[in-house]
Structures are given as C-alpha cells and as structure tokens.
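Engineer: Quick one, what's the 3D model for this:
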Amino acid sequence: MLPGVLLSAGVGAVAFALQLIETSLFGHPWVEGLVIAILMGAGVRLFWTPSNVWMPGVRFSAKTLLEVAVALLGATVSGAAVMALGPVLLLAIVGVVVLAIAGGYALGRAFGLPPAMALLVACGNAICGNSAIAAVAPVIEAEGEDVAAAIGFTAVLGIAVVLLVPVVGALMGFDATRVGVLAGLTVYAVPQVLAAAAPAGLLAVQTGAVVKLVRVLMLGPICLVLGLLRSGKAEGAKGPKLHHMAPWFIVVFLILMGLRSADLIPEVVLPPLQAAVTAMTLIAMAGLGLMVDPRAVVRAGPRVAAVAALSALLIGGLALATIVLILPA
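Structural biologist: Below is the predicted model:
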C-alpha cells in the first residue's frame, strides 16, 4: 500500500501548502485544503489512471484513513460550551439541521439525483460541508464520484455563503449575536464561520463558533440514523446488524466526545490530535480524488449544482426564520 499512500500524501501536502499561501495572502483560506486536495487528485486522474501498483494505497487512504480521522475528531468536541446557548436555541438548531436534510434530500430526489447523492448534498449543506459529506459517505456506501461532486459544488457555495452572511446581516439590521447565529447556521466550515462573522465583531465570532459546534455535533446522530435506516432496508425482518447501524468510527467518535466532555482527555493532547486529523483527512481527500473520473463529475454537474444551490437557500431561509422567531429584536 505504500506507493499509493505516499502519492496521496504528496497531493495532500501540496494542497496544504496552497492553503497556507492563501492564509498568508488573505488572512484565511477561501478554498480549504480539503477541497484543493480532492480537486488536485481528480486533476491528476484526468490525465493519468493509477495502475495496480498505486491503487491499494489510494483506496486505503480514501477509506480507512478517512474513517480514522472522523473517529478521532470526536476528541476535539466538548459539550460544555454547547449548553450555554440555552435549550430553546439548541432545539432550534437541531430542528434546522433536520429540516434542511429532509428538504435537501427531497430537492435532490425531485431533480432526479440518486438517493446517495441527494443525501450527500443535503448533509453537506445542513451540517458541516466537506466533513459531513466525508463522514456520511462510508455509512451509505456512496460512490467516490458522488462524493467528489458533492464536495466540489458544496465548496463553491461555501465561499458564496461566507461573502453573503455579512451583507444579509447588515441588510436585516442584525446585531452581533444574530449575525453570529446566522453564520453558525449557514456557513459550512468552522474557519469560514469565523471569517463570515468577523465583520460584526468578537461576539459574533464567538456565537457563530458555538452554534457551528452544535451543527457539527449532529454529525454522529445523523450517521447513526442513516446507518439504521440503511441496515433496516438491507436486512429486512432479520433486524439491523450492529456494524451497519453504528459504524465503528462513529461509535469511537461519540465515545471520545463523551470523554472530552468529562475532561478525561488532557488539553495537551488536543493540538497534535487535531493536526493528525487534518493530515489524515487531507490524504484521504487526495486519495478520493485519485479514485474519481472527473468526466463523470462533469456529467452530474447541472443537476447537482441546482440542488446544492437550492439546499443552501433552504437552510438560509430556515436560519433567518429561527433568528426572527427565537431571537427577536
């Protein structure tokens, strides 16, 4: 497996270097290294198809490393800051995520997308963009081409949402708290939430980060539900198998999150752990790109783009309704 892993790691390293260049030029990355990695991998695949010498390591990078990264991500999530939002807003955030997934999936099916693709786009928009797509993909056994297309279009929309949040907040006359909630409910990646909320001040950034954390926490339960639904259809009357209902990496994610919330994971461990998660995810996204035929992604383009855009508008509308109803001026 070594050749394919080294190839994937090389592509991931270049993508990370490009993200660092973005950060030095603009203060934050407009296009995440994850997106760059998968696009670079797909670009390599467009001109060169890896042989059997490379593919075992590429497959290992795209699947196993990704599952390990998702599992370890649970150690970086704590429940303490989440409870400070209050029960009403917490329930509202959960409701927005659930409605956004259901609505996004319905839109995808209405536009003729396969069930797996519709779910990937819906979860990416509703939860946390690339990370949600990457986590949901192995649970529903999505094809690499579907994952690449969903990440690609979600990435483009993610940048647009970052630019729109401050504008919408200003037009609606929102204060810092409401801008933070808007950013936390609509923007995909945590760094992008900070970028979107920053024009409204520190309070907006802090609020946006916590709201975003609640959306990220929905990833584990959503994957469990999807695994249960999938296993129920596959197994029929025999009942779901445990490894279908709860994939090992989601179980580990939830266990580590519980340990982190109970302060049983030392703070000193978290920075290197987060760095390891980032590195493995970069390598996994590069491997995923190397497994994808870009021509198939292009063929899926118009419908996926339309569904992703409409799903983004849906969660934006739900976010505004939540702010108006829960946090009136």
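Engineer: Count residues in the vicinity of the closest residue in space to Gly201 that isn't next to it in sequence, would you?
Structural biologist: Take Gly201 and drop its neighbours on the chain: the residue closest to it by Cβ to Cβ, 6 or more residues apart in numbering is Ala176, 4.9 Å away. The C-beta positions use only the backbone N, C-alpha and C, and glycine is treated the same way. The local packing of Ala176 (other Cβ atoms under 10 Å) involves 19 other residues.
Engineer: Same question for Leu313.
Structural biologist: If we define neighbours as other Cβ under 10 Å, then Leu313 has 13 of them.
Engineer: Same question for Glu145.
Structural biologist: 20.
Engineer: again, but for Val136
Structural biologist: Quick note: Val136 (other Cβ under 10 Å) scores 26 neighbours.
Engineer: how close does it get to Val168?
Structural biologist: Distance, Val136 to Val168, using Cβ to Cβ, to the nearest Å: 28 Å.
Engineer: Gly124 now?
Structural biologist: 21 Å.
Engineer: Check the gap between the residue nearest to Gly201 and Thr207 for me.
Structural biologist: On the measure of Cβ to Cβ, Ala176 and Thr207 end up 7 Å apart.
Engineer: likewise Ala71?
Structural biologist: 29 Å.
Engineer: between these two, who's got more neighbours?
Structural biologist: More crowded of Ala71 and Thr207, by other Cβ under 10 Å: Thr207, with 24 against 21.
Engineer: The more buried one contacts Thr177, doesn't it?
Structural biologist: Yes - contact criterion Cβ atoms under 8 Å: Thr207 and Thr177 qualify, at 5.3 Å.
Engineer: any idea which element Val292 lies in?
Structural biologist: Assigned by DSSP states H and E, Val292 belongs to no helix or strand.
Engineer: What average pLDDT does the top helix by length along the chain get?
Structural biologist: Identified as the longest helix of the chain according to DSSP state H is helix 144-172. For helix 144-172, the mean per-residue pLDDT is 79.
Engineer: who's in contact with the next helix or strand after that helix?
Structural biologist: The helix or strand immediately downstream of helix 144-172 is helix 176-186, counting by DSSP H and E. Helix 176-186 has contacts (Cβ atoms under 8 Å, 6 or more residues apart in numbering) with 89, 93, 96, 161, 165-166, 168-169, 172, 174, 193, 196-197, 199-212, 214-215, 312, 315-316, 318-320, 322-323, 327.
Engineer: Helix 176-186 to helix 144-172, inter-axis angle?
Structural biologist: Angle, helix 176-186 to helix 144-172, by axes from the mean of the first three to the mean of the last three Cα atoms, to 10 degrees: 160 degrees.
Engineer: and helix 176-186, how far from the chain's centre?
Structural biologist: How far helix 176-186 lies from its chain's middle: 18 Å, per Cα atoms, centre = their mean, to the nearest Å.
Engineer: Same question for stretch 116-132.
Structural biologist: 7 Å.
Engineer: just stretch 278-287 next, same as before
Structural biologist: With Cα atoms, centre = their mean, you get 14 Å for stretch 278-287.
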